[in-house]
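Undergrad: structure for the following, please:
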Amino acid sequence: MIKLENITKIYRMGAENIHALSGIDLIIEEGEFIAIVGPSGSGKSTLLHIIGGLDSPTSGRVSVDGQDLSRASDGELSRYRNRSVGFVFQTFNLHPSYNALENVALPLIFSKIPRAKRMKLAREALGVVGLAERASHRPNQLSGGERQRVSIARALVVQPRLILADEPTGNLDTKTGDKIIELLIKLNREKGLTLLLVTHNLDVANIAERTIFLRDGCIIEEGK
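TA: Predicted coordinates for the structure are as follows:
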């Protein structure tokens, strides 16, 4: 499904070049659950952002279903992000003045889907994560776990094939975080979604089908 070939990402910081990724080669099969682990600054989030089309490599090639994202136009990348990828972030990124239903429906606006259908799809996505009864609540009326479930529903509403989760339990207590991981694994297994999960938690990594260990922008180990 996804193929990365000799991916390098260099950021310019003043007079210094920061090598966030150096020569990454990686193949991801459809339906896989992969954990990406490593110390802070190892390139985990950068790798996720390049796969998700949020960032472009300095050099190398990243392809998804044969589409070369490293050569894609802004419009092509936008369509890829909006139709194929669901993002789940540590900080939830929910609009504070919108209720849960409206937050989940937001990505569908860019697909020019009529409002009635947007709300129907958003309600269905909230149902999948067990929050249908909280549809009218704003983020400040929800617990941290509930807010993360809303963000997962927002990722699901575009009916993606790929879920990219960047430290999705980082702002949650252990018990709540475990429930979020269980939900993501359930979506991977029952819906066949490809799941890439950045985590510092080795217990979570041990559940994954495959673990990628990064250090200083390089894959230093990979295995089940």
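Undergrad: for stretch 96-108, which positions count as buried?
TA: For stretch 96-108, a neighbour-count test (16 or more other CB atoms under 10 Å) marks 99-105, 107-108 as buried. Yep, even glycine has a C-beta here, placed from its N, CA and C like the rest.
Undergrad: what's around Leu195, how many residues?
TA: A count of nearby residues for Leu195, using other CB atoms under 10 Å, gives 23.
Undergrad: and the residue positioned nearest the centre of the chain, what does it touch?
TA: Note on the chain: the residue nearest the mean C-alpha position is Leu164, at 1.8 Å, using CA atoms, centre = their mean. Taking CB atoms under 8 Å, 6 or more residues apart in numbering, we find Leu164 in contact with 48, 51-52, 85-88, 196.
Undergrad: swap the cut-off to 10 Å and go again
TA: With contacts defined as CB atoms under 10 Å, 6 or more residues apart in numbering, Leu164 is in contact with 36, 45, 47-49, 51-54, 81, 85-89, 155, 194-198.
Undergrad: buried among the residues you listed? Need that as a selection in PyMOL.
TA: Buried residues among those (16+ other CB under 10 Å), as a PyMOL selection:
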select buried, resi 36+45+47+48+49+51+52+53+81+85+86+87+88+89+155+194+195+196+197+198
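Undergrad: okay, and which of the contacts of Leu164 map to helices?
TA: Among the contacts of Leu164, the residues falling in helices (DSSP state H) are 45, 47-49, 51, 81, 155.
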